[in-house]
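[1] with the input below, show me the fold.
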Amino acid sequence: MTDEHRQPANILSELLVLQAQGGSDSALSQLVDIWTPRLKARAYRLTFNSDGACEVVQEAWIGIARGLRTLRDPSRFGVWSMRIVHHKAGDWIKVQSKHRALKSRLRDTHAKPNPADDEDIGQAIREAIGHLDPKLREVVYLFYMDNCLLDQIAAALEIPVGTAKTRLMRARTQLKPILEKKLERNSQ
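    Take a look at the predicted model:
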């Protein structure tokens, strides 16, 4: 990018990055003030949760502060910091999904006894999922076990939503005949 196309805010950010890399706490504080609204907006688009977005940005700033000295090109600060938010949002989504799945399992455990037939079916499903390609398996676990939405899966795996949807469809296509065969054998 030529100098005449550079925006004053980006030039200021570059200067602040250089100063923060040199140890200036004031420069880092100014970076936080300037960039937090943008990072929070990005985090919200990934998590769809206001509290989650705040948590993600807080974690991101910890990572940014720790890794700032390794940033070689200060003009890349915006992209670099957005990438950190992306990773932290993926981590947050995975943790939230695990919490929801655990709550769901606890609720199901208290709701009804778990007969042997259910255990056999559950085992058949786990075995069938285990035979899937790891990329397909990951999407199945996030969607069915962790109750993630497709956009959350896409964010967690850093793939487009369309790719997540395609992987889920392929997994279902591959699982259907396997499960039908196993369930047919169990009913005989």
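[2] what's the mean pLDDT across stretch 85-99?
    For stretch 85-99, mean pLDDT rounds to 86.
[3] list the buried ones in it?
    85-90, 92-94, 96-97 (16 or more other C-beta atoms under 10 Å). From N, CA and C alone the C-beta is placed, and that goes for glycine too.
[4] so where is this protein shaky, pLDDT-wise?
    1-6, 104-120, 146, 183, 185-188 (pLDDT under 70).
[5] ok, longest helix in it?
    Taking DSSP state H as the criterion, the chain has its longest helix at helix 77-111.
[6] off-centre distance for it?
    6 Å (C-alpha atoms, centre = their mean, to the nearest Å).
[7] swap in stretch 145-162?
    With C-alpha atoms, centre = their mean, you get 7 Å for stretch 145-162.
[8] equivalent analysis for stretch 24-31, please.
    Here stretch 24-31 shows a centroid-to-chain-centroid distance of 28 Å under the convention C-alpha atoms, centre = their mean.
[9] going by neighbour count, which residues of that stretch are buried?
    So for stretch 24-31, counting by 16+ other C-beta under 10 Å, buried means 27-28, 30-31.
[10] ok so, going back, got the buried residues of stretch 85-99 as JSON lines, with distance to residue 18 columns?
    Shown next, in JSON lines, are these (distance: C-beta to C-beta, whole Å):
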{"residue": "85", "distance to residue 18": "22"}
{"residue": "86", "distance to residue 18": "24"}
{"residue": "87", "distance to residue 18": "24"}
{"residue": "88", "distance to residue 18": "24"}
{"residue": "89", "distance to residue 18": "27"}
{"residue": "90", "distance to residue 18": "29"}
{"residue": "92", "distance to residue 18": "30"}
{"residue": "93", "distance to residue 18": "33"}
{"residue": "94", "distance to residue 18": "34"}
{"residue": "96", "distance to residue 18": "37"}
{"residue": "97", "distance to residue 18": "39"}
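[11] tell me where this protein has helices.
    8-21, 25-47, 50-67, 77-111, 116-130, 134-140, 150-157, 161-187.
[12] from those, which stretch is densest packed?
    Mean neighbour count (mean count of other C-beta atoms under 10 Å) peaks for helix 150-157 among the helices of the chain, with a mean of 22.
[13] next, the angle helix 25-47 makes with that one.
    Using axes from the mean of the first three to the mean of the last three C-alpha atoms, to 10 degrees, the direction of helix 150-157 lies 140 degrees away from that of helix 25-47.
[14] other SSEs contacting helix 150-157?
    helix 25-47, helix 77-111, helix 134-140, helix 161-187 (3 or more C-beta pairs under 8 Å, 6 or more residues apart in numbering; DSSP states H and E).
[15] ok, 6 Å please
    helix 77-111, helix 161-187 (3 or more C-beta pairs under 6 Å, 6 or more residues apart in numbering; DSSP states H and E).
[16] which residues are contacting it?
    46, 89-90, 93-94, 139, 142, 161, 164-165 (C-beta atoms under 6 Å, 6 or more residues apart in numbering).
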